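Pasted the sequence and its predicted model underneath.
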2 protein chains.
Amino acid sequence: MARSSWRLVFAAGAGLALALEALPWLIRWLLAGRRPRREVLFFPSQVTCTEALLQAPGLPPGPSGCPCSLPHSESSLSRLLRALLAARSSLELCLFAFSSPQLGRAVQLLHQRGVRVRVITDCDYMALNGSQIGLLRKAGIQVRHDQDLGYMHHKFAIVDKKVLITGSLNWTTQAIQNNRENVLIMEDTEYVRLFLEEFERIWEEFDPTKYSFFPQKHRGH
Amino acid sequence: MARSSWRLVFAAGAGLALALEALPWLIRWLLAGRRPRREVLFFPSQVTCTEALLQAPGLPPGPSGCPCSLPHSESSLSRLLRALLAARSSLELCLFAFSSPQLGRAVQLLHQRGVRVRVITDCDYMALNGSQIGLLRKAGIQVRHDQDLGYMHHKFAIVDKKVLITGSLNWTTQAIQNNRENVLIMEDTEYVRLFLEEFERIWEEFDPTKYSFFPQKHRGH
């Protein structure tokens, strides 16, 4: 066999070896690219200052803006706020209880930025003292609620129809600061689709034109 | 170049081409193998007969065993029961409220089959009428609970350290039959690891040898 042909065989073999060598890296790279965001926040959350996150546009950013004595570090609450504040186009909220002032301010900020916010909540809890629902409605955000005996007990949010935020946490200061709770943050096409379908189903069902506030009276006469 | 060396070059080239051809299949196969189980159950659940699932070993299986008038079809509750009853070695339960008789029977069945069951619950809810916690303890299942003011508000289960079951659903008949709820069933290494760590943290913290039932009295004297 001529020397030049050996060179060719060697080159082909080396190419093959290199390709096989690179295979695991290639596969890992492809897997990493497809891996959705998966995070879990556990509560109770450390009480930290969230002013830097919640400043209205125009004010100087950064923790230096707030002179309060709370720690200015990350916490489960600040991570939850960040995940919500990442919204650019839409936010669906389906929440049994919503009284946390920080989370309420975040939702109002998004509404001011032009994000389409829709809220579904439970009729029993929304009237309680401290509920954020009235403030959201005053700000012009659409809210719908059940009017039956079972609870609308979901606690989920969908950001930009891409990220699902769901768990055991009611959006109350009591739960955030004192309870053992979990919140999953998942960029997952399949779960987002299923929860969005559930949201739209309930949104239609709770259409206010279908409310009958005095069902017995209406039925009785 | 001699004919034999051309053959070698051709063989090496063909090998490389085949390897590249097979690459997408290989990647798809690897991805499919890695795709975890992902399911979501929405509630309220249709009320169905779950006797066939909950029969003790020895009794004839199948819905024909129960002559009751309830539908014998699948429901969110029956799917949840199936996911739990798949346990072969261990079941961790971390539940705010647990009063559903069907879910209680499923947990007792697993305990009878030799599955290691551990339960963490909330001290406020466990004493209520209808709670399953007393029955589980009588059956010999280990239960630990908080003794502080915040709620142990998690609602998750881990099956065989492989499948995470978590959501908004408290394990009560009220919630199962009347509330809007969600339960995720996920075979997900990362989430299982994080929730298992949370379970073990709480399990240690709620060690009964550390209980101080009259903290003020102890501190006072």
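Looks like it came in fine.

Tell me where chain A has strands.
Ranges of strands within chain A are A:38-43, A:90-95, A:116-121, A:142-145, A:155-159, A:163-167, A:181-186, based on DSSP state E.

Give me the angle between the fifth one and strand A:163-167.
What that stands for is strand A:155-159. With axes from the mean of the first three to the mean of the last three C-alpha atoms, to 10 degrees applied, the angle from strand A:155-159 to strand A:163-167 works out at 170 degrees.

how far is strand A:155-159 from where the chain is centred?
Distance of strand A:155-159 from the chain centroid (C-alpha atoms, centre = their mean, to the nearest Å) equals 5 Å.

just the fourth one next, same as before
The chain centroid and the centroid of strand A:142-145 are separated by 18 Å, computed with C-alpha atoms, centre = their mean.

go on, the third one?
From the chain centre to the centre of strand A:116-121 is a distance of 12 Å (C-alpha atoms, centre = their mean).

picking that back up, could I get the strands of chain A in CSV, plus columns for distance to chain B?
C-beta: built from backbone N, CA, C; applies to glycine. Listed next are those as CSV, based on distance: least, C-beta to the nearest C-beta, whole Å:
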stretch, distance to chain B
strand A:38-43, 5
strand A:90-95, 8
strand A:116-121, 9
strand A:142-145, 11
strand A:155-159, 5
strand A:163-167, 7
strand A:181-186, 5
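
Could you double-check that A:Trp43 lies in contact with A:Gln174?
Check again: residue A:43 is Phe, not Trp. No: look at A:Phe43 against A:Gln174 with C-beta atoms under 8 Å: they stay out of range, at 10.7 Å.

what about these two, which has more around it?
A:Phe43 (24 against 17; other C-beta atoms under 10 Å in any protein chain shown).

The nearest residue to the more buried one once chain neighbours are set aside: neighbouring residues, count only.
With C-beta to C-beta, 6 or more residues apart in numbering or on different chains as the criterion, A:Phe43 has its nearest non-adjacent residue at 3.8 Å, and that residue is A:Glu181. For A:Glu181, the count of nearby residues is 25 (other C-beta under 10 Å).

what's the answer for A:Cys68, then?
Neighbour count of A:Cys68, defined by other C-beta under 10 Å: 9.

residues contacting the residue nearest to it when sequence neighbours are not counted?
Closest residue to A:Cys68 apart from its sequence neighbours, by C-beta to C-beta, 6+ apart: A:Cys49 at 5.3 Å. With contact taken as C-beta atoms under 8 Å, 6 or more residues apart in numbering or on different chains, A:Cys49 is in contact with A:63, A:66, A:68, A:70-72.

gap between A:Cys49 and chain B?
Going from A:Cys49 to chain B by C-beta to the nearest C-beta, to the nearest Å gives 21 Å.

quick revisit: could you dump the strands of chain A to CSV with mean pLDDT and distance to B:Tyr191?
Formatted as CSV, the strands of chain A follow (pLDDT from 0 to 100; distance: least, C-beta to C-beta, whole Å):
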stretch, mean pLDDT, distance to B:Tyr191
strand A:38-43, 96, 6
strand A:90-95, 98, 21
strand A:116-121, 98, 26
strand A:142-145, 96, 31
strand A:155-159, 98, 16
strand A:163-167, 98, 11
strand A:181-186, 98, 7
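
so what's the residue nearest the centre of chain A closest to, chain neighbours aside?
Chain A has A:Ile165 as the residue nearest its centroid, 3.7 Å off, counting by C-alpha atoms, centre = their mean. With C-beta to C-beta, 6+ apart as the criterion, A:Ile165 has its nearest non-adjacent residue at 4.3 Å, and that residue is A:Ala157.

ditto for A:Phe199
Distances taken as C-beta to C-beta, 6+ apart place A:Glu92 nearest to A:Phe199, at 4.9 Å, with adjacent residues excluded.

Who are the contact partners of that neighbour?
Contacts of A:Glu92 (C-beta under 8 Å, 6+ apart): A:118, A:120, A:157-158, A:196, A:199.

one step back: do you know which of the strands of chain A lies nearest B:His111?
Across the strands of chain A, B:His111 has its closest neighbour in strand A:181-186 (25.0 Å, C-beta to C-beta).

what's the angle from the biggest helix by length in chain A to helix B:3-34?
Using DSSP state H, we find that the single longest helix of chain A is helix A:3-34. Relative orientation of helix A:3-34 versus helix B:3-34 (the same axes, to 10 degrees): 10 degrees.

So which elements touch helix A:3-34?
The helices and strands touching helix A:3-34, judged by 3 or more C-beta pairs under 8 Å, 6 or more residues apart in numbering or on different chains; DSSP states H and E, are helix B:3-34.

Could you tell me how far the helix it packs on lies from the centre of the chain?
Worked out by C-alpha atoms, centre = their mean, helix B:3-34 lies 42 Å from the chain centre.

now do stretch A:18-37
Per C-alpha atoms, centre = their mean, the displacement of stretch A:18-37 from the mean C-alpha position of its chain is 29 Å.

Quick one: residues in contact with it.
So stretch A:18-37 is contacted by A:163, A:185-189, B:16, B:19-20, B:23, B:26-27, B:30-31, B:34 (C-beta under 8 Å, 6+ apart).

still on that earlier bit, partner residues bridging the residue nearest to A:Phe199?
A:Arg118, A:Ile158 (DSSP bridges).

what residue ranges in chain A score low on pLDDT?
For chain A, residues meeting the criterion pLDDT under 70 lie at A:1, A:28, A:31-35, A:56-64, A:213-221.

try 80 this time
A:1-5, A:21, A:24-36, A:56-65, A:148-149, A:211-221 (pLDDT under 80).

got the contact list for the residue nearest to A:Thr166 when sequence neighbours are not counted?
Nearest residue to A:Thr166, sequence neighbours excluded (C-beta to C-beta, 6+ apart): A:Phe156, at 3.8 Å. Neighbouring residues of A:Phe156 by C-beta under 8 Å, 6+ apart: A:93-95, A:164-167, A:195, B:168, B:182.

Test my guess that the residue nearest to A:Phe43 contacts A:Pro44.
Yes: A:Glu181 is within contact range of A:Pro44, at 7.4 Å (criterion: C-beta under 8 Å).

Any buried residues in stretch A:88-108, and which?
Judged by neighbour count (16 or more other C-beta atoms under 10 Å in any protein chain shown), stretch A:88-108 contains these buried residues: A:90-100, A:102-108.

What of stretch A:73-88?
A:75-78, A:80-81, A:83-85, A:87.

Next: stretch A:140-149.
For stretch A:140-149, using 16+ other C-beta under 10 Å, the buried residues are A:141, A:143-146.

which one of those is nearest A:Phe206?
Among the buried residues of stretch A:140-149, and counting by C-beta to C-beta, the member closest to A:Phe206 is A:Arg144, at 3.9 Å.
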